[in-house]
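# no sequence on this one, just coordinates:
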């Protein structure tokens, strides 16, 4: 817990600067990424056709729904950890750059959802290692922004990343079994 608080203070307090204060609240917002989602969907549809694109889209939607609900309605109430911005003892120390939102923090739904998407994309559509890395870097930077804006501890991000990756992997296994030959596959050890 002490390391988590130390890292939170480092990221939320010591890394503070006007440029990141302006960029990261927008960068971490899910609406910011709608053009990326549309572009990726178009590229998948163009390369693989409607049927295969729909199967992958259903996989992604299901994975996000399961990961999000597991984090928000099962784990968060069970753990009961307060967000840094909702912790009375930290109220005077937290730089809150966005609305605090719900009181519970562990795990981060942003991290859970973005790592779930990164996992699905890296195991299906994306074939090159550099692009696989880019998806995970995208998920990591959005998750780290959650710490910077005062909503999460780094441990929340780590737990969300692990949960999202696990749900994403399980989702891809199910997707491959259900979609069979219509499944879009990246290069994997069994290919």
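All right, it came through fine. Since the structure is predicted, the reported quantities are computational estimates derived from the model, not experimental observations.

# tell me the pLDDT of the closest residue to residue 105 other than its chain neighbours.
Of all residues not flanking residue 105 in the chain, residue 83 sits nearest, at 4.1 Å (CB to CB, 6 or more residues apart in numbering). Where C-beta positions appear, they are placed from N, C-alpha and C, glycine not excepted. pLDDT for residue 83: 92.

# now do residue 88
85.

# so where is this protein shaky, pLDDT-wise?
186-191 (pLDDT under 70).

# return the residues in contact with the residue most central in space within it.
Nearest residue to the geometric centre of the chain (CA atoms, centre = their mean): residue 114, 2.0 Å. Residue 114 makes contacts with 138, 139, 142, 143, 164, as judged by CB atoms under 8 Å, 6 or more residues apart in numbering.

# again, 6 Å this time
Residues near residue 114 by CB atoms under 6 Å, 6 or more residues apart in numbering: 139, 142.

# give me the element it is part of.
helix 109-123 (DSSP states H and E).

# run the chain-centre distance for the next helix or strand after that helix.
Sequence order places helix 129-148 as the next helix or strand after helix 109-123, per DSSP H and E. Distance, stretch centre to chain centre, for helix 129-148: 8 Å (CA atoms, centre = their mean, to the nearest Å).

# over to stretch 114-121?
When distances are taken as CA atoms, centre = their mean, stretch 114-121 is centred 7 Å away from the chain's centroid.

# quick one, what contacts the residue nearest to residue 105?
100, 105, 151.

# just give me the neighbour total for the second one.
Neighbour count of residue 105, defined by other CB atoms under 10 Å: 27.

# I'd say it and residue 80 touch.
No: using CB atoms under 6 Å, residue 105 is not in contact with residue 80; the gap is 9.3 Å.

# can you pull the phi and psi angles for residue 107?
Backbone torsions of residue 107, given as degrees, to the nearest 10, read phi -90, psi 170.
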